[in-house]
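[1] With the input below, show me the fold.
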Amino acid sequence: MARKGKEEAGIAVGKLPTPRLHKIYKDKVMPKLMEEFKYESVMQVPRLEKIVINMGVGSAEKDAKHLENSVRDMQLIAGQKPVVTIARKAISNFKLREGMKIGCKVTLRGDRAMHFLDKLATAVLPRIRDFQGLSSKSFDGRGNYAMGLKEQLVFPEIPYDTFDRIRGMDIIICTTAKTDAEAMMFLKEMGMPIRDK
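    Numbers count the residues shown, from 1 in each chain. Next up, the predicted model:
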């Protein structure tokens, strides 16, 4: 009954609100990219495909709590339950055995990815001390952008009272762009503070 009442009131149950970036993408980003790169169809315009967040913890055998807390932090950051990553092969120099739990990762798509990109550009990156903008050299040649964060505390969801140690993470933003120039302009127009040089 409560569910029906919420639906009648126009509140989506179990769904995220429509991301602010969707409107910006349709109204401003799409026309600008169409004009700049002379696309013949709107289907050629680069889109956000997915965002992958990866957090390595080293060997979880020594400290199981470390992996547990990493999963908890990532779930708060991404709003989605991460999967625990496992070592595919043994590397003796790193004291790794095959099948060892070595970290966690999460893949965001659709509205969740849009919400995360918006939060990253407007709330997270400005909180980094002495932030000078993101490097323009982190594109992979196929329209994807990789960046690293040194600590999880820049995310507003992480409560200071549960903080036990600094954890860094890798964030890979995958787009449908064919070239780095297209991907760079797309991300800049979406609000990402990427330096020109």
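[2] sec struct for K50, please.
    strand (DSSP: H, G, I helix; E, B strand; the rest coil).
[3] For it, name its beta-bridge partners.
    The partner list for K50 in beta bridges (DSSP bridges) reads R109, C174.
[4] Just confirm it contacts L108, I think it does.
    Yes: if you go by C-beta atoms under 8 Å, K50 and L108 touch, sitting 6.4 Å apart. C-beta here means a position set from N, CA and C on the backbone, and glycine is covered the same way.
[5] Would you mind telling me which of these two has more residues around it?
    Remark: of K50 and L108, L108 carries more neighbours, 21 against 15, as counted by other C-beta atoms under 10 Å.
[6] What does the pLDDT read for F94?
    pLDDT for F94: 62.
[7] separation between the residue most central in space within the chain and P159?
    In the chain, the residue lying closest to the centroid (C-alpha atoms, centre = their mean) is I51, at 4.4 Å. Separation of I51 from P159 (C-beta to C-beta, to the nearest Å) stands at 23 Å.
[8] Next one, pLDDT for the closest residue in space to K32 that isn't next to it in sequence please.
    Spatial nearest neighbour of K32, chain neighbours left out: E189 (6.0 Å); criterion: C-beta to C-beta, 6 or more residues apart in numbering. Here, the pLDDT recorded for E189 equals 89.
[9] what about E189, how many residues close to it?
    17.
[10] Name the residues of the longest helix along the chain that are buried.
    Looking across the chain with DSSP state H, the single longest helix is helix 64-78. Buried residues in helix 64-78, defined by neighbour count with 16 or more other C-beta atoms under 10 Å: 66-67, 69-71, 73-74, 77-78.
[11] So what sits opposite the closest residue to G99 other than its chain neighbours in the bridge?
    Nearest residue to G99, sequence neighbours excluded (C-beta to C-beta, 6+ apart): I86, at 5.8 Å. Following DSSP bridges, I86 is listed with bridge partners K101.
[12] just checking, V83 touches C104?
    Yes: using C-beta under 8 Å, V83 is in contact with C104, at 6.6 Å.
[13] more neighbours, these two?
    In this view V83 and C104 are compared by other C-beta under 10 Å, and C104 has more residues nearby, 25 against 13.
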